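Student: Need coordinates for the below:
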Amino acid sequence: MNKKKVIRIVSVLSLGTVLLTLWAVFSYQESDKFGGFPVPQLAKKTVSREDFESFTWAGTSEAKEDGLPFLYRSHIKAGEWKKTFREGTLTTYEKGEHKIDVIAQTGYLSINVSRE
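Tutor: Got it, this is the predicted structure:
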């Protein structure tokens with residue numbers, strides 16, 4: 001393989017890595033409503049109330065751990081949210097004085113302020 005071809009391949013791979021990283025970083029937005037808990041940008045909001053939001057989102061699946069994709073769980077963890085409870089499709093996360101319940105079913109996501 002010649003030097004130009006190697007440089008082209010490395011350049012394409014590097015650009016792909018940068019774009020994937022940017023997409024991963026900006027795929028979630030911290031919610032003021034939920035104490036900074038991350039919310040997926042690509043999720044379509046179906047219901048919104050003062051302390052509750054539900055979404056349709058292809059990223060959720062009951063076959064996955066907590067029903068959430070790895071990248072989303074990574075964002076939650078990076079935001080220093082601690083998983084404190086899990087039963088079925090419900091997972092509770094806490095950070096400081098904030099306690100958030102997340103229900104993740106196939107194609108469905110809800111986030112609300114925990115009542116416990």
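
Student: At the geometric centre of this protein, which residue sits there?
Tutor: Among the residues of the chain, the one closest to the centroid is Tyr72, at 2.6 Å (CA atoms, centre = their mean).

Student: Now for it: which residues touch it?
Tutor: 28, 38, 40, 59 (CB atoms under 8 Å, 6 or more residues apart in numbering). Just so you know, the C-beta spots here come from the backbone N, C-alpha and C atoms, and that holds for glycine as well.

Student: let's go with 7 Å and repeat that
Tutor: 28, 40, 59 (CB atoms under 7 Å, 6 or more residues apart in numbering).

Student: isn't the first one right next to Pro38, touching?
Tutor: Meaning Tyr28. Yes - using CB atoms under 7 Å, Tyr28 is in contact with Pro38, at 4.0 Å.

Student: what's downstream of the helix or strand where the residue nearest to the centre of the chain lies, the next helix or strand?
Tutor: Element membership for Tyr72 (DSSP states H and E) is helix 70-78. As assigned by DSSP H and E, the chain's next helix or strand after helix 70-78 is strand 82-87.

Student: That next one pairs with which strands?
Tutor: Applying DSSP bridges to the sheet, strand 82-87 is found paired with strand 90-95 (antiparallel).

Student: Take the strand it pairs with, keep the C-alpha atoms, and write them as PDB.
Tutor: Output of strand 90-95 as PDB, limited to C-alpha atoms (Å, rounded to 0.1, in the frame of the first residue of the first chain):
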ATOM      1  CA  LEU A  90     -38.400   1.200  36.300                       C
ATOM      2  CA  THR A  91     -35.000   2.500  37.400                       C
ATOM      3  CA  THR A  92     -34.500   5.300  39.900                       C
ATOM      4  CA  TYR A  93     -31.500   7.600  39.800                       C
ATOM      5  CA  GLU A  94     -30.300  10.000  42.400                       C
ATOM      6  CA  LYS A  95     -27.900  13.000  42.400                       C
END
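
Student: what is in contact with Tyr28 and Pro38 at once?
Tutor: Counting by CB under 7 Å, 6+ apart, the shared contacts of Tyr28 and Pro38 are His75.

Student: just to revisit the earlier point, quick one: the residue nearest to the centre of the chain from Trp81, how far?
Tutor: Distance of Tyr72 to Trp81, computed by CB to CB, to the nearest Å: 11 Å.
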